[in-house]
Every structure is written in C-alpha cells, then in structure tokens.
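*Asks:* Predicted structure and sequence below. I'll ask about it afterward.
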Amino acid sequence: MNDKKKLLIVTDAWRPQINGVVRSLERLADELIGIGFDVVFMTPQSYRTLPCPSYPEIRLSLVSPWSVRRRIEEVQPDYIHIATEGPLGIMARRAALDRGKCGYTSSYHTRFPEYVVSRWPFIPIGPIRAWLRRFHNSGLGCLVATESLRKELESHGHDNLMFWGRGVDMALFHPRDGLDDVYAGLPRPIFLNVGRVAVEKNLEAFLDLDLPGSKVVIGEGPQLEPLRQAYPQAHFLGAKVGEDLARHYAAADVFVFPSLTDTFGNVIVEALASGLPVAAYPVMGPIDIVGGTEAGALSQDLREASLAALQIDRARALELAANYSWAHSTQQFVEAIEEAQKRRRAQEAARRRLRLLRRS
C-alpha cells in the first residue's frame, strides 16, 4: 500500500522553456520526492497547444474543464498546487473548487499585470489585478517568495498569503578556477545578464549603459534578434544550461539585473553562488535578496550600480548565497501546504458545527 502523500502541481510553464518558474518547480519536485512525497505534474506536454501571441516560445494548452477534472480524479491528490494562471491553471482552479476535497494552493511567480502592460500598454491594469485577486483568493493560500511581493499583493486585496522562498544549487553554481577560455577574446570586465530575452526584462537599460569591457547576454526569447541587431557591440550567446551556464556565471565580473518586474530573480542567487556581485535597481527581487548586504550594489542609476559592483569582494556574494538552500525552500513549501490543509479542515469543521446548530 502506497502511503506517500501525493501532490499534483499544475503549471503552464514547462519544458522546453528555460526560466525561473520551471527550474524552481523541477528542483522542488526533486526535493519533495527525496522526503517521501509522490509528485505528479500537469503540464502543457499532455495537451495540444498554441503559441502565445508575441511570445511563441510559450505554449498555451487547448484544454477543457472536463479533461482537467478527469486527470485530477485519476491522480487523487492529497494536495493540489497551481503554479501559474494560464489555461491549465484556470481549468485546474475551477475543477478543484468543484471537487471540494482538498482545495488548492497557488503561487505568485510572475507579476502578470505588469508583464501584460509592458507588452500592450493600452490594456488597463486594474481589471487584470482584480481577476488575479479572485484567482488566488479562492484558494487555501497563495505562496510568495519575498516580503516586497507580499506587501504589494496585500495592497491589491490579496489574502491568505504564505511565504515560500527559493534556493540555489550550490553543487552546480560555485566559483571555479581555470576559466580563461569562457570569454576568450572579450575585453574585461565582463558584465553579464542571464534570463529571458523579452521586453519585460528591460534589457535595453543594461545594453544602453556606458560601461568598460564587454556586455554579455545569455538566454533566448522574442527580443533576441531585434536586440542583437540594435546592439551589435553586445554579445548574445543564446541559451545555456548546466555546467556550461555555471562556467559563464563564474567567469564573469558583475551580474547586471535590469528587470523592474520580477518577483524574485532566481538568476540573482545563481550569480551570487558563483561568486558574482550583483548590480540592479532597488526594486522587488533585488532589494529582497541583496538589499542591506555587501553582496551587491543597488541604485536608480544602473551604471553607477554596475561600476560599484566591480569593487565588491566576491566572498560577500558567496556568504549571501549560503542563505539559500533548496532543502530549506522545500521545507517552507511543505509547511505552507500543510498549514493550508489545516485551515481547510478547520473551515469544514466550523461549517459542520453551524449546520448542527441550525438543525437543533
């Protein structure tokens, strides 16, 4: 008899995408399996898909409420966690509410309203925020990665917010010797950015900077070719993963993070674990990770921050990265979904008592 607790994770973001959401969920699953959970994913790979308008790398599932409900009944999960607010997330939320057994928790990975408006500025942000509030508030709890995000969502009417931090694989991302070949031929210092090459990442703010040495961008996305043409002096290396990515982090001199819309920034802690000081704006994500530390430089003047980061002792970055482990992150996740179930059981008990009182 299988007595493992079964968790169903529903996500519209999945391979072959390379982003923080996918990496976080994959690592979370590995850690959960290691402590005795049975983890099942519901992803676009099981359904027909269409490319997302203006971002064809993202595939949108063509899915019906019936097919999602059937899949949930097949899995019979003890917990349902909805990671994204795309077609699969929407249908899974509806099915979980109709099913009424274990409810669901969700997580807020992406500042979706800000992303939409960055692509289509004519769309009003208010209705998007209202829809997201309904999406997440109908669950048992919404998991957020930073205190800044919690405060922002509370200001927009979100409730049941719970903390789930992130980690970094320090067995992969760490300082390395003998990396002279990684950026061979490029003038030093190397200012590096890693992530999706998309409008919401604000890469022009980095590429426009007057900096010494070389600017390097690692990643793919819909802006890759336009930016490559617009900034011929920058070096666009495409997507990299695993050891290859880790070597490029470790061989750089400063990690520049120009995004104004990220909720966390997994790439920031990957850079720190590689011994790479961080330069960024003092906004959500960077301010939560490196704010008040000696591991990075934050400024409204990104050039000033980038040059200041050059002077930072790389040991400070390593010290900060040591605070982020996937084991601790996973424990936070488990505590959150367990607390959400306690909340559900308490609510059900209160409803039963109320029904008994009404009958008496």
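*Replies:* Nice, I can see it.

*Asks:* which SSE is Val256 in?
*Replies:* Using DSSP states H and E, Val256 sits within strand 254-257.

*Asks:* For the following helix or strand past that strand, what is the distance to the chain centroid?
*Replies:* Moving toward the C-terminus from strand 254-257, the next helix or strand (DSSP H and E) is helix 266-273. Relative to the centre of its chain, helix 266-273 is centred 13 Å away, using CA atoms, centre = their mean, to the nearest Å.

*Asks:* I'd like the mean pLDDT over helix 266-273, please.
*Replies:* Mean pLDDT, computed over helix 266-273, is 98.

*Asks:* residues of it that come out buried?
*Replies:* Asn266, Val267, Ile268, Val269, Glu270, Ala271, Leu272, Ala273 (16 or more other CB atoms under 10 Å). No exception for glycine: its C-beta is placed from N, CA and C like everyone else's.

*Asks:* which strands and helices sit next to that helix?
*Replies:* helix 20-34, strand 190-194, strand 254-257, strand 278-280, helix 286-289, helix 314-321 (3 or more CB pairs under 8 Å, 6 or more residues apart in numbering; DSSP states H and E).

*Asks:* What strands flank the fourth one, and is each parallel or antiparallel?
*Replies:* Taking DSSP bridges as the criterion, strand 278-280 forms sheet pairs with strand 254-257 (parallel), strand 296-298 (parallel).

*Asks:* and the ones you listed, which is most packed in?
*Replies:* strand 254-257 (a mean of 28; mean count of other CB atoms under 10 Å).

*Asks:* any idea of the mean pLDDT for that one?
*Replies:* 98.

*Asks:* cool, and stretch 110-124?
*Replies:* Stretch 110-124 comes out at a mean pLDDT of 84.

*Asks:* List the buried residues of it.
*Replies:* For stretch 110-124, by 16+ other CB under 10 Å, it's Thr110, Arg111, Phe112, Pro113, Glu114, Tyr115, Val117, Ser118.

*Asks:* Mind checking which of the residues you listed are in helices?
*Replies:* Counted as lying in helices by DSSP state H, out of the buried residues of stretch 110-124, are Phe112, Pro113, Glu114, Tyr115, Val117, Ser118.

*Asks:* Against Pro124, how distant is the fifth one?
*Replies:* To tie it back to what came earlier, the one meant is Val117. Distance from Val117 to Pro124, counting by CB to CB, to the nearest Å: 8 Å.

*Asks:* picking that back up, output the buried residues of helix 266-273 in CSV, with distance to Gly167 appended to each entry.
*Replies:* Converted to CSV, those look like this (distance: CB to CB, whole Å):
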residue, distance to Gly167
Asn266, 9
Val267, 13
Ile268, 12
Val269, 8
Glu270, 10
Ala271, 14
Leu272, 12
Ala273, 10
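
*Asks:* By residue count, tell me the biggest helix in the protein.
*Replies:* Longest helix in the chain, counting by DSSP H: helix 326-359.

*Asks:* what sits against Ile128?
*Replies:* For Ile128, the contacting residues are Phe112, Pro113, Val116, Val117, by CB atoms under 8 Å, 6 or more residues apart in numbering.

*Asks:* my read: Glu152 touches Met284, true?
*Replies:* Yes - shown here, Glu152 and Met284 form a contact pair, counting by CB atoms under 8 Å, at 6.9 Å.

*Asks:* More neighbours: which of those two?
*Replies:* Between Glu152 and Met284, counted using other CB atoms under 10 Å, Met284 has the larger neighbour count: 23 against 16.

*Asks:* pLDDT wise, what is that one at?
*Replies:* In this model, Met284 is scored at 96, pLDDT.

*Asks:* residue contacts, the nearest residue to Ile312 once chain neighbours are set aside?
*Replies:* Leaving out its chain neighbours, the residue that sits closest to Ile312 by CB to CB, 6 or more residues apart in numbering is Pro277, at 3.8 Å. Residues in contact with Pro277, defined by CB under 8 Å, 6+ apart, are Val254, Phe255, Ala295, Gly296, Ala297, Ala309, Leu310, Ile312, Arg314, Arg316, Ala317.

*Asks:* which one among the residues you listed gets closest to Leu192?
*Replies:* The closest of the contacts of Pro277 to Leu192 turns out to be Phe255 (CB to CB; 5.4 Å).

*Asks:* Quick check: the closest one touching Ile268?
*Replies:* Yes - using CB under 8 Å, Phe255 is in contact with Ile268, at 7.2 Å.

*Asks:* okay, and the common contacts of the two?
*Replies:* Val278.

*Asks:* so where's the protein shaky on pLDDT?
*Replies:* 1-2 (pLDDT under 70).

*Asks:* Could you list the domains of it?
*Replies:* 5-167+326-359, 190-321 (automatic domain parsing).
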